[in-house]
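Enquirer: Any chance you can model this:
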Amino acid sequence: MSIIKVLINGYVKKENGNEYASSSVTLIRDHNLNILVDVGMNRQLLLDALKQEDLRPADINFVVLTHTHLDHCLLVGIFENAQILDDSSVYTFDGKISEYDSKIPGTDIEIISTPGHDQFHCAVLVNTEEFGKVAIAADLFWWPDDKDFKVG
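Expert: Next up is the predicted model:
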């Protein structure tokens with residue numbers, strides 16, 4: 001069973017006439033593997049979150065990109081030891097592109113196609129002991145930090 005932790009809560013906000021945004025970043029620990037789902041745009045926030053988990057970018061084995069909007073993938077290059085996965089392929093920093101069988105290699109973590117927000121959007125399905133089966137589905141909801149979101 002995997003362990004998951006949201007390292008960074010995604011945000012979009014305006015300050016001093018500028019817009020700031022970065023995706024949520026989720027850490028999955030599966031056996032001896034460290035997996036990130038989306039990596040966002042805020043480098044210092046990401047490095048600080050990894051440090052709190054006693055991790056460095058070199059310790060990350062896989063990065064799953066739910067889609068390639070820059071607020072989700074801008075920082076992927078700092079994980080040079082990682083294999084990068086999207087909805088259909090695995091990429092390595094030597095230029096190799098290969099397919100995979102819908103699971104992160106060496107795990108039971110499934111990546112499923114969920115087009116809509118982006119035609120290549122995907123979600124990650126993780127079996128955990130604490131929460132049961134969890135779907136990590138980026139940009140399911142989108143609203144500015146200064147607005148309340150109410151269901152019902």
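Enquirer: For the chain, just list every one of the helices.
Expert: 43-52, 70-73 (DSSP state H).
Enquirer: Give me the pLDDT value at Val124.
Expert: On the pLDDT scale, Val124 is placed at 97.
Enquirer: buried set for stretch 58-67?
Expert: 60-67 (16 or more other CB atoms under 10 Å). Where you see a C-beta, it was placed from the backbone N, CA and C, and this is true even at glycine.
Enquirer: Straight-line length of it, end to end?
Expert: 22 Å (CA to CA, to the nearest Å).
Enquirer: Outside of it itself, list whatever touches it.
Expert: If you take CB atoms under 8 Å, 6 or more residues apart in numbering as the criterion, stretch 58-67 is touched by 33-39, 50, 72-73, 76, 79-87, 104-105, 111, 117-118, 120-124, 136-139.
Enquirer: Pull out the buried members of those residues.
Expert: Among the contacts of stretch 58-67, the ones that count as buried (16+ other CB under 10 Å) are 33-39, 50, 72-73, 76, 79, 82-87, 104, 111, 118, 121-124, 136-139.
Enquirer: Which of those residues fall within strands?
Expert: 33-37, 83-85, 111, 122-124, 136 (DSSP state E).
Enquirer: closest to Arg56 among the residues you listed?
Expert: Asn34 (9.9 Å; CB to CB).
Enquirer: right, and that closest one touches Asp54 too?
Expert: No. Asn34 lies out of contact with Asp54 (CB atoms under 8 Å); the separation is 10.5 Å.
Enquirer: count of residues packed around Lys96?
Expert: 10 (other CB atoms under 10 Å).
Enquirer: Any figure for the gap between it and Leu70?
Expert: 23 Å (CB to CB, to the nearest Å).
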